[in-house]
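Participant: sharing a model that was predicted from the sequence below.
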Amino acid sequence: MSAQRKLRYGMVGGGQGAFIGAVHRMAANLDGQMELVAGAFSADAENSRVTGEQLFLNPARVYASYAEMARREAALPAAERIDFVTIVTPNFLHAPVATTFLKAGFHVVCDKPMTLDLKAAKALRAVVRKTGRVFALTHNYTGYPMVKEARELVRTGRLGKILKVVAEYPQGWLLDRIEADGHKQAAWRADPKKAGATCCLGDIGTHAENLGRYITGLHIESLCASFTTFIPGRKLEDDANLLIRYQGGAQGVLHASQISCGEENNLNIRVYGTLGALAWHQEHPNELKFQPKGEPARILRRGNGYVSDAAKKFTRLPFGHPEAFIEAFANIYIEAAAAIRDHAAGRPGVYDFPTVDDGVYGMAFLETAVKSAKSKVKWTPFVNYK
C-alpha cells in the first residue's frame, strides 16, 4: 500500500433514514486520509442505490447486499478494491458482516455493541485473530482529548488508589413508545431479535462501562443489576441501574436510562481516588474537572499547553475553538488508519482505539448484567470473557 494515497473504504448500513452512518462518514472524511468508494447501505436494494447516488459513488460499487459487496470487492485489482469496511447496521448483523469481510481479506471498523451476544463475540474474536486483520470498535467517547487526559491523570498516579467510579448515561428520547409509530432508530433497538437481550444497557450503558474501564483500567469482579421497562408494551428494558465491585476493591455505580425526561445525551463520569478526583461530562467535552486532595478544584481545558501529550495528540484546533462528537469519532478512525497502513507495511505499532477484545469484554458485561437482573441472588460474578 502506498503511503501517498488515501485509504479506500466501503460501508455496510447507513442508508437513508439512518443516523450513525452519516456520522461515521463525516468522521472518516475529517482528516482527508480516507474516501468512501463502495457500499451496501441497506437491506433494501433501492435504498442502497439511492444512497450511493446521493453520495456520488460509482453505481458499479453500490451493492444490493453485503455478501455481494465482499465478493466483488475482493475480486477487484488491489489498486482498486477497498482497504476496509465500516459496519453501521443494527446489532444482529455486526458479526456476520464482520466475519464475511475479514475472511475476504478486509480490515473492519464496527459500531458497538460488537455482536448480538457473548458467544458471537468470542467467535468473531477468533476470526480476527486468525485473519490478523485490523478490527476497530467505535466506542467513540474514548476519542475525546479530555477523556484521554483523564486516563493520564489516573495512569500517572495523580488520583492515587481508585476507590469509586460513578458513570451515568441518561437520555429521554424513549419516554414515549415511538417504536410503535414506526420510528426506525427506536424500532430495532427495542426488538430483541435485532438488538439482543437489552435495549438501554446495550445501546448506551456499554459506553458508560467502556468509558470507566478506559479511564481507570479497572475490571469488574461482580455486579448487581436492576432492569426496568417503564413503558407498557416495550419488550426490553428502558432503564438500568447497576452496583459494581471491581477487582482490587474499588466500588462503582452505573446507570443508563432512555426514559429520563429532559435529558439529551448526558453521559458523564466521576472517578474518586485517595489523592484526588475527576469529572467529565460529554455535553461539555472540552473541560475536565480535577480535584486534588486538599487543594482548590481545577478546570482543565482542551488545547492548552498544560495537558498531557496523550490529549495533545488528538487535538486539532487551538484552545477556545470547541471540538466534540465528530472529532472524537475521527480520532478512532485516524488511529485505525495508522494501524491499517502499518499492517500493509509489516510494521508493528501501538494504537489508541477500542479493539475486538474491548468488544468481547463489553458483551461479557451485558451478559453478566442480564443474568443479574433476572436472578434473585443479584450479586453476579463477571462471566468468563477469555
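Facilitator: Now that the structure is in, tell me what you want to look at. Residues are numbered from 1 along each chain as shown.
Participant: how about the strands of this structure, start to end?
Facilitator: 7-13, 34-40, 84-88, 107-110, 135-137, 162-170, 220-228, 239-246, 251-257, 268-273, 276-281, 287-292, 298-301, 380-381 (DSSP state E).
Participant: how about CSV for these, with mean neighbour count, mean pLDDT and distance to Glu335 added?
Facilitator: All C-beta atoms are positioned from the backbone trio N, CA, C, and that covers glycine. Formatted as CSV, these follow (neighbours: other CB atoms under 10 Å; pLDDT from 0 to 100; distance: least, CB to CB, whole Å):
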stretch, mean neighbour count, mean pLDDT, distance to Glu335
strand 7-13, 25, 98, 13
strand 34-40, 23, 98, 12
strand 84-88, 26, 98, 13
strand 107-110, 26, 98, 10
strand 135-137, 27, 98, 7
strand 162-170, 21, 98, 23
strand 220-228, 19, 98, 25
strand 239-246, 21, 98, 27
strand 251-257, 22, 98, 26
strand 268-273, 21, 99, 21
strand 276-281, 21, 98, 20
strand 287-292, 18, 98, 21
strand 298-301, 15, 98, 22
strand 380-381, 16, 98, 33
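Participant: would JSON lines of the ones you listed with distance to Ala324 be doable?
Facilitator: Formatted as JSON lines, those follow (distance: least, CB to CB, whole Å):
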{"stretch": "strand 7-13", "distance to Ala324": "22"}
{"stretch": "strand 34-40", "distance to Ala324": "20"}
{"stretch": "strand 84-88", "distance to Ala324": "20"}
{"stretch": "strand 107-110", "distance to Ala324": "20"}
{"stretch": "strand 135-137", "distance to Ala324": "20"}
{"stretch": "strand 162-170", "distance to Ala324": "17"}
{"stretch": "strand 220-228", "distance to Ala324": "29"}
{"stretch": "strand 239-246", "distance to Ala324": "26"}
{"stretch": "strand 251-257", "distance to Ala324": "21"}
{"stretch": "strand 268-273", "distance to Ala324": "15"}
{"stretch": "strand 276-281", "distance to Ala324": "12"}
{"stretch": "strand 287-292", "distance to Ala324": "12"}
{"stretch": "strand 298-301", "distance to Ala324": "13"}
{"stretch": "strand 380-381", "distance to Ala324": "36"}
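Participant: quick one: closest of the ones you listed to Ala330.
Facilitator: strand 34-40 (9.9 Å; CB to CB).
Participant: check the offset of that closest one from the chain's centre.
Facilitator: Here the centre of strand 34-40 is set off from its chain's centre by 20 Å, with CA atoms, centre = their mean, to the nearest Å.
Participant: so which residues make contact with it?
Facilitator: With contacts defined as CB atoms under 8 Å, 6 or more residues apart in numbering, strand 34-40 is touched by 6-12, 14, 25, 28-29, 48, 51-52, 55, 57-58, 61-66, 68-69, 73, 82, 333, 337.
Participant: what about 7 Å?
Facilitator: 6-12, 25, 28, 48, 51-52, 55, 57, 61-66, 69, 73, 82, 333, 337 (CB atoms under 7 Å, 6 or more residues apart in numbering).
Participant: buried subset of those, written for PyMOL?
Facilitator: In PyMOL, this line selects whichever of the contacts of strand 34-40 come out buried by 16 or more other CB atoms under 10 Å:
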select buried, resi 7+8+9+10+11+12+25+28+48+51+52+55+57+61+62+63+66+69+73+82+333+337
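Participant: tell me which of the contacts of strand 34-40 fall in helices.
Facilitator: Among the contacts of strand 34-40, DSSP state H puts Arg25, Ala28, Ser48, Thr51, Gly52, Tyr66, Met69, Glu73, Tyr333, Ala337 in helices.
Participant: for the most centrally placed residue in the chain, what are its contacts?
Facilitator: For the chain, His139 is the residue whose C-alpha lies nearest the centre (CA atoms, centre = their mean; 2.0 Å). Residues in contact with His139 (CB under 7 Å, 6+ apart) are Lys112, His207, Asn210, Pro354, Asp358.
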